[in-house]
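K.L.:
sequence and predicted structure, then a few things I'm wondering about:
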There are 2 protein chains.
Amino acid sequence: MSANSRLTIAAHALAWIGLYQRQGHEVATSEQIATSANTNPVVIRRLLGELRRAGLVESRRGAGAGWSLARELGTMTLLDVYEAVEPGPLFAMHRTTPDQGCVVGYGIQPTMQSIYEGIEETLRHELARVTLEDVLRDVLAAPR
Amino acid sequence: MSANSRLTIAAHALAWIGLYQRQGHEVATSEQIATSANTNPVVIRRLLGELRRAGLVESRRGAGAGWSLARELGTMTLLDVYEAVEPGPLFAMHRTTPDQGCVVGYGIQPTMQSIYEGIEETLRHELARVTLEDVLRDVLAAPR
DNA sequence: TTAGTTGCAACTTTCATTGTTACGACTGTG
DNA sequence: CACAGTCGTAACAATGAAAGTTGCAACTAA
């Protein structure tokens, strides 16, 4: 599966902003976050832009600009983040329509679709059980 | 998420072979399955090759060659298929190592890793609940 | 006014999957 | 034994998504 790292990077960014704010800073810049995540600031801005549309963060422009949390980390779950940054479904159907004249080709897509929907629902429940507060706590608890 | 269709196509192929055998045929060819799935026979042979390594199907060479099930559909779950055809993890880490000098950069990977492992375990349980017999039954029950 | 940062478009790079072609290996049938 | 049909597999092209990069206009605190 060609997994992408969007969820991971988004969680990283949120935890970073949250910690930075707890240290007394107002806003964090995409440059700082990109340095921590070892990637390009534009990648971070794109991701945070999606999180802003989902109401998880806010941005300020101009000098002394940057990003801040729109809600407490404890009220944000990985499901919120997942829905903000992951567009498509977990499993894909055939890239081309299967032979509709064949019994299997005809019935396979609705069948798999319904199975996949159930599985994705379970996945959502799992993601909803973890808050970003949990993530930050675990991050800080990592042994040095 | 760039979902791929390997699990879907593999389930399609297994259901097709299973149904074909119930109609009294010994083996199914990659050509026939490819026609039903509307793809290339080599794609099917590659996938079935992975399923053979996992002990789900058998192949016969020479004239009158083709593929047959190694086990009953009722004893095969989507988890068996998933493990046979999906190599990587569901979610990826950063593509480059995050800044190990940063507290978040240092702790984020172990943290997310452990969360993802729990989620994948749940996913496996869900996949294990569905047999290929279930899939074929649903496929045949699709309204015309 | 200036410096620092976001917002965003456009493009390139990278990578996995899928699709395609080609051909040797194998084996049942006549 | 020759032949036809199919698998097994390598090599390569095509496709598409994500990530990385560059450039610059817009904005705003100082």
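P.N.:
Received it, and whenever you're ready, just let me know what you need.
K.L.:
residue boundaries of the helices in chain A?
P.N.:
A:6-22, A:30-37, A:41-53, A:78-85, A:103-128, A:132-141 (DSSP state H).
K.L.:
out of these, nearest to residue B:54?
P.N.:
helix A:103-128 (19.2 Å; C-beta to C-beta). No exception for glycine: its C-beta is placed from N, CA and C like everyone else's.
K.L.:
indicate the residue of chain A located nearest to DNA strand D.
P.N.:
The nearest approach of chain A to DNA strand D comes at residue A:62, 1.7 Å away (C-beta to the nearest atom of the strand).
K.L.:
against residue A:27, how distant is that residue?
P.N.:
Note on residue A:62: its distance to residue A:27, by C-beta to C-beta, to the nearest Å, is 11 Å.
K.L.:
just residue A:120 next, same as before
P.N.:
Taking C-beta to C-beta as the criterion, residue A:120 is separated from residue A:27 by 35 Å.
K.L.:
spell out which parts of chain A neighbour DNA strand C.
P.N.:
Contact residues, chain A versus DNA strand C (C-beta under 7 Å from any atom of the strand): A:1-2, A:29-31, A:41-42, A:45, A:48-49, A:52, A:59-67, A:92, A:95-96.
K.L.:
can you select the buried ones from these in ChimeraX?
P.N.:
Applied in ChimeraX, the following selects the buried portion of the residues of chain A next to DNA strand C according to 16 or more other C-beta atoms under 10 Å in any protein chain shown:
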select /A:1,29,30,45,48,52,59,66,67,92
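K.L.:
and the closest residue to residue A:11 other than its chain neighbours, what is it in contact with?
P.N.:
Excluding the flanking residues, the one nearest residue A:11 by C-beta to C-beta, 6 or more residues apart in numbering or on different chains is residue A:135, at 5.6 Å. Residues in contact with residue A:135, defined by C-beta atoms under 8 Å, 6 or more residues apart in numbering or on different chains, are A:11, A:14-15, A:73, A:78, B:108, B:111-112, B:115.
K.L.:
wait, which of the residues you listed is closest to DNA strand C?
P.N.:
residue A:14 (14.1 Å).
K.L.:
now do the closest one against residue B:113, distance only.
P.N.:
17 Å.
K.L.:
ok, the closest residue in space to residue A:109 that isn't next to it in sequence - contacts?
P.N.:
Leaving out its chain neighbours, the residue that sits closest to residue A:109 by C-beta to C-beta, 6+ apart is residue A:93, at 5.5 Å. Residue A:93 is in contact with A:109, A:112-113, B:5, B:8, counting by C-beta under 8 Å, 6+ apart.
K.L.:
pull the most distant pair out of those residues.
P.N.:
Across the contacts of residue A:93, the longest distance by C-beta to C-beta is 12.4 Å; it joins A:113 and B:5.
K.L.:
give me every residue in chain A lying close to DNA strand D.
P.N.:
Selection of chain A residues close to DNA strand D by C-beta under 7 Å from any atom of the strand yields A:4-6, A:9, A:39-40, A:42-43, A:60-65, A:87-88.
K.L.:
of the residues you listed, list those near chain B.
P.N.:
A:4-5, A:9, A:39, A:87-88 (C-beta under 8 Å from any C-beta of the partner chain).
K.L.:
of residue A:14 and residue B:113, give the one with the bigger neighbour count.
P.N.:
It is residue A:14, of residue A:14 and residue B:113, that has more neighbours when counted by other C-beta atoms under 10 Å in any protein chain shown, with 27 against 14.
K.L.:
got the contacts of residue A:93 as TSV, with pLDDT columns?
P.N.:
Output for those, formatted as TSV (pLDDT from 0 to 100):
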residue	pLDDT
A:109	98
A:112	98
A:113	97
B:5	95
B:8	98
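K.L.:
mark which of these are buried, thanks.
P.N.:
Buried among the contacts of residue A:93 (16+ other C-beta under 10 Å): A:109, A:112, B:5, B:8.
K.L.:
check the residues you listed against residue A:102 and report the nearest one.
P.N.:
Using C-beta to C-beta, residue A:109 is the member of the buried ones among the contacts of residue A:93 that lies nearest residue A:102, at 12.0 Å.
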